[in-house]
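>>> Next come a sequence and a model predicted from it.
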Amino acid sequence: MITIYLKQSYNLLNQNRFVNGISIAGTALSVAAVMLIYLVYQVNFSAYAPEYNRYRILFVSSLQACGSDGHPINNGGMSHKVVRECLYPLQTPEAVTAFTSGDLPVNVHGQQFYDKYAIKFTEDGFWKVFDFTFLAGGPFTHTDWESGIRKAVISDKLARRLFGTVEAVGQTLRMNYADYRICGVVKEVSRAAESSYGYVFIPYTTNASLLKDNISYCEGTTGEFQACILSRSRSDFEAIRREMLKLQSTFNASLTGTKLDYMHSPFTQWQAVLGTNGFSEGTVGEWLKSTGAVCQCSPSRCRYRRCRR
């Protein structure tokens, strides 16, 4: 019976090869498009290690420093001063972490060549916001962060590359001409997990330049930090925003010629997918405009007929 069906299908396909070929190609492209959309959804929306709590996280990636007249002076990351006075005191969320990233040369003693790897400068709150799987050892502690001790957590991929095994706790790696003792090894993080991605994780207090606030420029409000705020529940988002605005108001009162403005931060994972970086609202309408699906020009001057209807 199956053989008969197959022969009939083959004969039908041979009757008009061109049209049938187009139909098959169209179906294949449609299936591929659906699979691509699903893959994008999985990468951007789904919760996966170590970002299992994506739906409870609020992101602060940038701020705007304005003059006393309200005009913007600088757009960029936060200084350690802002993180210390406006984010760490938050009481509503479950945890808050601040971090910055960079690529630095890493090797071990005895190696003459350095390779650059993604480094995450962070603190102990990072391990509360993100759920890493430790294959050996554990994270550096709050005391380690406060003291600025040179400890490092590395990925299993880097551990195997440098030491041939994930059992690398107690070993020393050299980074930027300084030695760091490895205290933990975690399962490798996907590059798609932007906030938690890295090969090496170290306390940012080991880098003195990150702790210095440039008081002469924007009164020390701008810097390199971004932050993630883990709420206890998504229903707490508005309460967290209100508390942030309260701390922001107190902070601004301590400044003389500069005012801090979070603009559209903090934002959710959904808003991040729609393209916000804190400077725009991150709505479906704005995303459609950025893709060209919705025209942004004046209807009377648009070259597309659909806009002049």
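Great, that's in hand.

>>> for stretch 39-58, which positions count as buried?
Buried residues in stretch 39-58, defined by neighbour count with 16 or more other CB atoms under 10 Å: 49-51, 53-54, 56-58. Bear in mind the C-beta positions are built from the backbone N, C-alpha and C, glycine included.

>>> tell me the mean pLDDT for it?
Averaged over stretch 39-58, pLDDT sits at 81.

>>> just the strands in this structure please.
Taking DSSP state E to define them, one finds strands in the chain at 57-60, 63-67, 72-78, 95-107, 115-122, 134-137, 151-155, 172-175, 178-186, 200-203, 222-223, 226-230, 258-261.

>>> Need those in a markdown table (columns: distance to Lys246).
Compiled in a markdown table, the strands of the chain are given as follows (distance: least, CB to CB, whole Å):
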| stretch | distance to Lys246 |
| --- | --- |
| strand 57-60 | 15 |
| strand 63-67 | 16 |
| strand 72-78 | 17 |
| strand 95-107 | 15 |
| strand 115-122 | 26 |
| strand 134-137 | 36 |
| strand 151-155 | 34 |
| strand 172-175 | 39 |
| strand 178-186 | 36 |
| strand 200-203 | 29 |
| strand 222-223 | 21 |
| strand 226-230 | 15 |
| strand 258-261 | 13 |
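
>>> Nearest to Gln269, out of these?
Among these, strand 57-60 comes nearest to Gln269, with 6.6 Å by CB to CB.

>>> any idea which helix or strand of the chain has the worst average confidence?
helix 284-291 (a mean of 51; mean pLDDT, DSSP states H and E).

>>> Can you flag which of the buried residues of stretch 39-58 belong to helices?
Counted as lying in helices by DSSP state H, out of the buried residues of stretch 39-58, is not a single one.

>>> Closest to Gln111 out of these?
Distance to Gln111 across the buried residues of stretch 39-58 (CB to CB) is lowest for Pro50, with 28.6 Å.

>>> separation between the closest one and Lys120?
Distance of Pro50 to Lys120, given as CB to CB, to the nearest Å: 12 Å.

>>> before we move on, the earlier item: so which of the strands of the chain is nearest Leu162?
Between Leu162 and the strands of the chain, the shortest separation by CB to CB is 6.4 Å, and it involves strand 172-175.

>>> buried set for the closest one?
173-175.

>>> So what sits opposite Phe59 in the bridge?
Cys228, Phe267 (DSSP bridges).

>>> what's it in contact with, if anything?
195, 226-229, 265-269, 272, 278 (CB atoms under 8 Å, 6 or more residues apart in numbering).

>>> Mind doing that once more with 6 Å?
228, 266-267 (CB atoms under 6 Å, 6 or more residues apart in numbering).

>>> With Gly220 instead?
Counting by CB under 6 Å, 6+ apart, Gly220 has contacts 79, 81, 213-214.

>>> quick one: which of the residues you listed has the most company?
Ranked by neighbour count (other CB atoms under 10 Å), the contacts of Gly220 have Ser79 at the top, with 27 neighbours.

>>> How far away from the center of its chain is the longest helix seen in the chain?
Among the segments of the chain that qualify as a helix by DSSP H, the longest is helix 17-44. Offset of helix 17-44 from its chain centre (CA atoms, centre = their mean, to the nearest Å): 30 Å.

>>> Can you give me the end-to-end span of stretch 155-169?
End-to-end distance of stretch 155-169 (CA to CA, to the nearest Å): 12 Å.

>>> List the buried residues of it.
Within stretch 155-169, the residues that count as buried by 16+ other CB under 10 Å are 155-156, 158-159, 162-163, 166, 168-169.

>>> Closest to Ser249 out of those?
Ser155 (40.5 Å).

>>> Against Lys128, how distant is that closest one?
19 Å.

>>> Let me see the backbone angles for Thr133.
Backbone torsions of Thr133, given as degrees, to the nearest 10, read phi -100, psi 110.

>>> when you give positions from now on, start the count at 22
With 22 as the first residue, the last one maps to Thr154.

>>> Roughly how far does it sit from Pro71?
7 Å.

>>> Also Glu264?
Noted for Glu264: a distance of 26 Å to Pro71, by CB to CB.

>>> before we move on, what about Gln133?
As judged by CB to CB, Gln133 and Pro71 stand 34 Å apart.

>>> Kindly report the same for Asp145.
Using CB to CB, Asp145 is found at 15 Å from Pro71.

>>> again with Gln292
Per CB to CB, Gln292 is found 21 Å from Pro71.

>>> One more: Leu231?
On the measure of CB to CB, Leu231 and Pro71 end up 23 Å apart.
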